[in-house]
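Visitor: only geometry, no sequence info:
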């Protein structure tokens with residue numbers, strides 16, 4: 001018996017909620033560190049996005065920012081874990097932070113961090 005769980009989430013058009021939109025999300029969860037999301041459009045091919053350890057490191061950093069103040073930033077020190085240093089640099093390359101070792105969030109970074117933090121709160125909330 002497989003230890004894999006499958007979930008299908010359909011998106012619906014706002015104009016007609018009885019008919020699915022052209023896209024749907026097919027998610028496979030397993031006991032591994034990451035899971036795959038298959039995103040199929042119009043039944044043509046598929047694109048796989050993985051929650052890789054690198055992406056999770058970036059999400060962890062975005063979750064650390066205090067969004068209640070624009071005066072607070074983060075500094076990733078040179079003796080931090082290599083994965084954290086590299087994640088901070090990737091966030092800078094993506095235009096989300098002002099410096100490769102952290103700094104302040106850009107407008108894009110603020111928006112992304114807001115989404116990350118809302119998602120984390122929702123997942124951690126008691127029913």
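Guide: That came in fine, so what should we check first? Owing to the predicted nature of the structure, the values given are computational and were not obtained by experimental measurement.

Visitor: Please make it C-alpha for all contacts and neighbour counts, starting now.
Guide: Will do.

Visitor: hey, which helix is longest across the chain?
Guide: helix 107-124 (DSSP state H).

Visitor: how about the strands in the chain?
Guide: Here the chain has its strands, by DSSP state E, at 5-12, 20-29, 36-41, 44-50, 74-75, 97-99, 102-105.

Visitor: Let's test this: mean pLDDT of the fifth one, rounded?
Guide: Within the predicted structure, the mean pLDDT of strand 74-75 is 94.

Visitor: tell me the domain ranges of this protein?
Guide: By the record's domain assignment, the chain is partitioned as 5-50, 53-124 (automatic domain parsing).

Visitor: Out of these, which gets the lowest mean score?
Guide: domain 5-50 (a mean of 45).

Visitor: Identify each buried residue in the longest helix of the chain, please.
Guide: 109-110, 112-114, 116-117 (16 or more other Cα atoms under 10 Å).

Visitor: what do you get for stretch 53-67?
Guide: Buried-residue list, stretch 53-67, by 16+ other Cα under 10 Å: 57-63, 65-67.

Visitor: Roughly how far does the nearest residue to residue 57 once chain neighbours are set aside sit from residue 61?
Guide: Leaving out its chain neighbours, the residue that sits closest to residue 57 by Cα to Cα, 6 or more residues apart in numbering is residue 87, at 5.9 Å. Separation of residue 87 from residue 61 (Cα to Cα, to the nearest Å): 8 Å.
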